[in-house]
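>>> I would like the atomic coordinates for the input below:
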Amino acid sequence: MSVTLKDVANQLGLSPATVSIAIRGKRAGKRGLSPETIQQVCLTAKQMGYYPNALASSLVNKKTNVIGILLSSISFSTKETLAGIKKEVFPSFTPMLTIHNADGASERAEIKTLITQRVDGIIAAFSGDFESVGAYRELSENLGVPVVLIDRSIPDLNLPIVRYDHYGCTYQATKQLLSLGHKRIHFFSVSSSATLLEGHKLRQEGYIDAMVEAGCKDDIVVDFKPSCHDWVEKGNLKPIVGNILDSWSNNKPAATVLFLDNDYLAYEALNQCQSRGISVPEEVSIMSIGDYFFSEYVNLSSVSVKSELMGIKAAKLLLSLIEGEENWDKKPIILPIEVRMRGTTKRL
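A predicted model of the protein is given here:
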């Protein structure tokens with residue numbers, strides 16, 4: 001097994017970023033390295049048999065002022081995240097956007113593309129395909145490319161991450177619904193990934209904990225639909241939401257709230273409720289997560305997750321890592337959420 005930057009860093013008790021800077025002989029950011037430190041790092045690396053390959057050398061020795069962005073899809077939330085990133089990095093850096101559509105093979109191919117383009121760092125949303133973990137490990141440990149994750153972490157990799165409070169958004173929203181007199185609150189979520197990603201897991205836990213604390217354990221319903229690729233497309237949304245409403249109407253006594261984990265689901269639910277003659281919120285209240293641009297205009301109760309702020313925070317962190325500054329405390333940066341009750345929910 002080849003020696004990595006992380007191996008050299010562990011031997012010296014330094015960070016991989018510091019070792020990378022020393023091997024390049026740089027004095028980056030606020031953390032200028034002394035000639036003695038650079039000499040010691042280079043000597044240790046040579047003794048351990050660490051040699052950067054040609055691709056790694058070309059990547060780290062030549063700054064391109066380009067930042068790679070790897071997202072799962074383009075939607076209202078990702079557009080807001082992109083806007084936040086661009087606000088922070090432009091004009092000093094140019095963002096290069098790639099999309100993997102929750103497909104692991106595509107994700108790995110896009111990572112290779114970003115490497116060949118010699119980007120200075122990457123902001124990425126993990127697809128959930130565990131075969132891609134090695135590609136992220138190669139980026140951060142072997143090539144020394146700064147990587148900041150958004151929305152969800154990667155198992156077994158302690159990479160910097162910026163995300164909103166998945167647990168808090170369902171916990172707080174469910175508590176508010178309970179305070180309105182609702183007990184039969186059913187939670188539905190959809191994912192392009194075949195696996196239960198961190199965000200989905202935490203949102204389910206937040207909902208369940210709030211229900212249990214309120215003594216509504218017997219009323220808990222969690223319906224998770226994985227592997228729904230391109231589910232936000234209207235042609236795919238229709239059957240998904242149709243099944244949710246069929247389940248609601250067939251379950252007696254019916255839930256008084258349908259808690260949907262994305263505004264896209266809620267938009268289609270409002271549309272189908274109208275076509276089915278189901279009055280919202282008189283017959284059923286609808287709660288959602290996202291609070292996208294149109295949610296206020298359709299009077300949708302939703303949890304604001306501040307996607308633009310996530311982009312700003314992720315970009316700030318990445319820029320500091322590119323400059324060699326150690327300002328990440330190894331903990332996720334969790335952004336606040338806000339529950340916004342509007343006309344699709346009512347007090348019982």
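>>> any stretches of the stretch 1-150 of the chain with poor pLDDT?
1-2, 24-32, 51-62 (pLDDT under 70).
>>> how about a cut-off of 50?
Within the stretch 1-150 of the chain, the ranges that satisfy pLDDT under 50 run 27-30, 54-55, 58-60.
>>> now the helices for it?
5-12, 16-24, 35-48, 54-61, 76-89, 104-116, 133-137 (DSSP state H, counting those that start in this stretch).
>>> among those helices, which is nearest residue 67?
helix 76-89 (5.7 Å; CB to CB). Every C-beta, even on glycine, is put in place using the N, C-alpha and C of the backbone.
>>> from the chain's centre, how far out does the closest one sit?
When C-alpha coordinates are averaged (CA atoms, centre = their mean, to the nearest Å), helix 76-89 and its chain have centres 13 Å apart.
>>> repeat for stretch 262-269
With CA atoms, centre = their mean, you get 19 Å for stretch 262-269.
>>> neighbouring contacts of it?
Taking contacts as CB atoms under 8 Å, 6 or more residues apart in numbering, the residues outside stretch 262-269 that touch it are 75-76, 188-190, 231-232, 234, 237-238, 240-241, 244-245, 258, 260, 286-292, 294-295, 298, 300, 302, 344.
>>> now, the residues you listed that are in strands?
188, 189, 190, 258, 260, 286, 287, 288, 289, 290, 302 (DSSP state E).
>>> which of those sits closest to residue 314?
Here the nearest of the ones in strands among the contacts of stretch 262-269 to residue 314, counting by CB to CB, is residue 290; it sits at 18.0 Å.
>>> tell me how far residue 190 lies from residue 210.
21 Å (CB to CB, to the nearest Å).
>>> same question but for residue 8, I mixed them up
47 Å.
>>> residue 200 too?
For residue 200, the distance to residue 210 - CB to CB - is 16 Å.
>>> for residue 96, list each beta-bridge partner.
Beta-bridge pairing for residue 96 (DSSP bridges): residue 68.
>>> gap between it and residue 224?
Taking CB to CB, one finds residue 96 at 33 Å from residue 224.
>>> before we move on, what about residue 180?
Remark: distance between residue 180 and residue 224 (CB to CB) = 25 Å.
>>> over to residue 35?
56 Å.
>>> what about the two, which has more around it?
More crowded of residue 35 and residue 224, by other CB atoms under 10 Å: residue 224, with 15 against 9.
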